[in-house]
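Colleague: prediction below, plus the sequence it came from.
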Amino acid sequence: MPVRLNSYISFNGNAREAMDFYKSVFGGEVYADNFAKYESTDMPIAPEDRNKIMHAYLKGDNDIELMASDTPSHMKFTPGAQISLSLSGNDEVLLRGYWTNLAEGGTVTVPLGKSPWGDTFGMLTDKFGIDWMVNVSSIDTA
C-alpha cells in the first residue's frame, strides 16, 4: 500500500451528518465507527462520547477520499481549526521517519504507539502549528 496524505476534519458531534452530506456531493460510500466499538478497560469512553464518530472515511467517486471524526468530550473543539493532515500506509520505516521529522520542534499530542484498533498511531502539531496524524496499518497488503 502506498503512503497516502489525506485531509482529516474534526466535528463537534455532527460528523455522521457531515459525511452523509459529503457523500451526496462526491458519491461513493461512507465507512464509520463510533467510539463505543473500541471501548476497553485500557480505553474507557465517556458516556456522552459512545455514539460519536471515532473515525469516518468517505471513498468517493473520482478518487476523492475524505476522513473525519467527532471531537471527544475530553478534547477541546476549536472552530476554524478543524482540519488535520493524515499520513497512512503500511511502510512503517517511512512513516516513522515522517513522524520523527514532523515532530522536530513541534508538540506530540498522542505518542506514536499501538492503537486500540491494532495499528500504530500518533498525533502531533508541527512547529508551524499544523496538526498531523500518522497511522501505520497493521495489515500487510504486499
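Modeller: Done, it's in.
Colleague: ok, what's across the strand from S69?
Modeller: S10 (DSSP bridges).
Colleague: can you give me the neighbour number for M133?
Modeller: By other C-beta atoms under 10 Å, the residues close to M133 number 20. Yep, even glycine has a C-beta here, placed from its N, CA and C like the rest.
Colleague: ok, W99 next?
Modeller: By other C-beta under 10 Å, 21 other residues sit near W99.
Colleague: mind listing what's buried along the helix or strand hosting it?
Modeller: Secondary structure assignment for W99, by DSSP states H and E: helix 92-103. For helix 92-103, a neighbour-count test (16 or more other C-beta atoms under 10 Å) marks L95, Y98, W99, L102, A103 as buried.
Colleague: equivalent analysis for stretch 66-83, please.
Modeller: Here stretch 66-83 shows L66, M67, A68, S69, D70, T71 as buried, counting by 16+ other C-beta under 10 Å.
Colleague: phi first, then psi, for the second one.
Modeller: Backbone geometry at M67, expressed as degrees, to the nearest 10, gives phi -120, psi 150.
Colleague: how far away is the closest residue in space to it that isn't next to it in sequence from G129?
Modeller: Residue nearest to M67 in three dimensions, not counting chain neighbours: Y8, with 4.5 Å by C-beta to C-beta, 6 or more residues apart in numbering. When distance is defined by C-beta to C-beta, to the nearest Å, Y8 is 16 Å away from G129.
Colleague: got it, and V30?
Modeller: Taking C-beta to C-beta, one finds V30 at 29 Å from G129.
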